[in-house]
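**Student:** Please work out how this folds:
(one chain, ligands or ions: 1)
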Amino acid sequence: MDSVTKHEIPPAGAALPVAESFYSVQGEGANTGKAAWFIRLGGCDVHCPWCDSKGTWNPHAHRVMPVSEIIAPIVQSPAINIVITGGEPLMHDLSYLCEALKDKGYNLFLETSGTHPLSGRFDWICVSPKMHRPPLQEVLADADELKFIVSGPESIKWAEEISANAGKSCILLLQPEWDVRDKALPLIIEYAKAHPQWRVSLQTHKYMNIP
Ligand code: SF4
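**Tutor:** The predicted model follows:
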């Protein structure tokens, strides 16, 4: 347990731990370039070594906010797209949050590792599978986009194996692990040229200096 106040999380999803909430531009994946409100939920048990959101991992370290309070600043903004991310957002029941946002007409995008069962109703599901904790088949089957983080040739080989279980129209993306991008990006570029069913994804928000 972190040395922070422990916040109890009600089970029904009517209130959720929020690590961050902000309006920005989606920097990576198939929806790159779209303005979106990000709701970053607390809690992740996947623990990727390269994670750039380690502060989200402890689900009890974040203020638990009623859904009405989570939505309040969003309705004051021009946002039409909402990204629900984490952490691993599917550690929580997202049904209540999604229904409340859908009632207001928002496009809902999910960013998940796919390691927990799906909850909630989304317009776009991005699954980013992790080799040390593969996604559930039921989540893979519903993915609109698979985004693999690539550190070397073994990551691409594994991406091919996992993507064989995705739907036919699923968009396939290879994205360099940020810390080794100088080594991984040339590999990805050559692979996408030779296997054009794959696309290159970059963390453009890091180049734009936005969250
Ligand atoms: Fe970080 Fe995402 Fe991996 Fe969780 S799944 S450890 S939030 S990169």
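**Student:** tell me the secondary structure for the residue positioned nearest the centre of the chain?
**Tutor:** Among the residues of the chain, residue 111 comes closest to the average C-alpha position under CA atoms, centre = their mean, at 2.2 Å. At residue 111, secondary structure determined by DSSP: H, G, I helix; E, B strand; the rest coil is strand.
**Student:** Not counting sequence-adjacent ones, nearest residue to it?
**Tutor:** Using CB to CB, 6 or more residues apart in numbering and skipping residues adjacent in sequence, the residue nearest residue 111 is residue 85, 4.0 Å away. (Each C-beta comes from the backbone N, C-alpha and C, glycine too.)
**Student:** Could you verify my assumption that residue 208 touches residue 26?
**Tutor:** No: using CB atoms under 8 Å as the test, residue 208 is too far from residue 26 to be in contact (11.0 Å).
**Student:** circling back: show me the contacts for the residue nearest to the centre of the chain.
**Tutor:** 29, 83-86, 89, 126, 128 (CB atoms under 8 Å, 6 or more residues apart in numbering).
**Student:** Just the CA atoms from the lengthiest strand in the chain would do, formatted as PDB, please.
**Tutor:** Of all segments of type strand in the chain, defined using DSSP state E, the longest is strand 15-25. Extracted in PDB, the C-alpha atoms of strand 15-25 (Å, rounded to 0.1, in the frame of the first residue of the first chain):
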ATOM      1  CA  ALA A  15     -18.200   6.000  -8.300                       C
ATOM      2  CA  LEU A  16     -14.700   5.300  -9.700                       C
ATOM      3  CA  PRO A  17     -11.100   6.200  -8.700                       C
ATOM      4  CA  VAL A  18      -9.900   8.900 -11.000                       C
ATOM      5  CA  ALA A  19      -6.200   9.400 -11.400                       C
ATOM      6  CA  GLU A  20      -6.500  12.200 -14.000                       C
ATOM      7  CA  SER A  21      -9.200  13.900 -16.100                       C
ATOM      8  CA  PHE A  22      -8.300  16.300 -18.900                       C
ATOM      9  CA  TYR A  23      -9.000  17.500 -22.400                       C
ATOM     10  CA  SER A  24      -6.300  16.900 -25.000                       C
ATOM     11  CA  VAL A  25      -5.700  15.300 -28.400                       C
END
